[in-house]
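Requesting a structural model of the entry that follows:
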Amino acid sequence: MATLTNPIQKQNLVDRFADFVANHNNSQIVWGTNSKPFSQMPNSEFSGSTAGRPIGITGASITGDTIDSSNMISALEGEAFQYTRIRKMRARLLMQTSGTGEANPRVDFNQTRVAYLSAARRLTLTGINQSTVEEDDLVSVTGIETYFTDLRREMNEKRDTVYNKDVTICHSSCHSNCHGSRGRR
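The predicted structure is shown next:
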């Protein structure tokens with residue numbers, strides 16, 4: 001686990017971010033491209049596997065010769081936004097109870113788990129308290145740790161925002177037999 005050094009270095013900030021935010025979010029993934037809730041779930045709903053999202057920034061992503069709080073916030077919150085696609089998904093498999101396309105299908109699967117969703121499912125970060133790393137303030141290890149704690153709190157709230165995905169199929173295993181025999185009726 002990375003700890004912040006004194007004086008704080010850019011890559012050290014990114015390494016601590018990776019421990020505090022990225023690894024925390026990745027460790028909770030249950031569904032992804034390699035582990036879908038059911039086989040009929042479209043692959044397009046997921047961005048990656050249950051291994052999670054690799055960190056997408058380096059110390060060089062924090063621009064400028066020195067660590068400026070606004071550049072640091074921009075780089076870290078921009079990266080955190082990418083992790084908001086790792087969130088809860090309610091997956092339901094709905095099956096028509098007959099070949100008539102009834103309006104009230106039977107629910108065959110209904111679970112909510114953390115998934116590595118597509119980029120379209122990202123959420124805007126809105127409630128991060130930046131007061132401990134404000135512009136013109138001397139940024140301290142304690143202030144950054146407080147900022148990271150608040151960033152992770154916001155990420156946890158976004159992770160708990162459930163994305164609902166229903167997949168409806170005609171009916172049980174006789175599906176292909178039924179549709180294949182229509183021409184013989």
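
who's in contact with Gly48?
By C-beta atoms under 8 Å, 6 or more residues apart in numbering, Gly48 lies in contact with Gly32, Thr33, Tyr116. Heads up, the C-betas are built off the backbone N, CA and C, glycines and all.

Relative to Glu79, how far out is it?
Distance, Gly48 to Glu79, by C-beta to C-beta, to the nearest Å: 15 Å.

Find the helix or strand that Arg16 is a member of.
helix 10-17 (DSSP states H and E).

List the buried residues of that helix.
Lys10, Asn12, Leu13, Val14, Asp15, Arg16, Phe17 (16 or more other C-beta atoms under 10 Å).

How about stretch 108-123?
Thr112, Val114, Ala115, Tyr116, Leu117, Ser118, Arg121, Arg122, Leu123.

Confirm the first one sits in a helix?
No. Secondary structure assignment places Thr112 outside any helix; it is strand (DSSP: H, G, I helix; E, B strand; the rest coil).

just checking, Glu154 touches Ile128?
Yes. Under the criterion of C-beta atoms under 8 Å, Glu154 makes contact with Ile128 at 5.0 Å.

Spell out the residue ranges of the strands in the protein.
86-95, 106-116, 163-169 (DSSP state E).

Lowest mean pLDDT among the helices and strands, pick that one out for this protein.
Least confident helix or strand, the chain: helix 175-180 with a mean of 52, by mean pLDDT, DSSP states H and E.

Check what pLDDT Pro42 gets.
You'll see Pro42 listed with a pLDDT of 97.

Contacts only, for it.
Val167.

how close does it get to Val30?
17 Å.

so what's Arg92 bridging to?
When assigned by DSSP bridges, Arg92 has beta-bridge partners Asn110, Asp166.

one step back: export the buried residues of helix 10-17 to TSV and tack on distance to Val107 and pLDDT?
Below are the buried residues of helix 10-17 laid out as TSV (distance: C-beta to C-beta, whole Å; pLDDT from 0 to 100):
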residue	distance to Val107	pLDDT
Lys10	50	93
Asn12	49	94
Leu13	46	93
Val14	44	95
Asp15	44	95
Arg16	43	93
Phe17	40	92
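
How confident was the prediction at the most centrally placed residue in the chain?
Nearest to the geometric centre of the chain sits Ile86, at 1.2 Å (C-alpha atoms, centre = their mean). For Ile86, the pLDDT comes out at 97.

In this structure it contacts Gly52, no?
Yes. In this structure Ile86 lies within contact range of Gly52 using C-beta under 8 Å: 7.0 Å.
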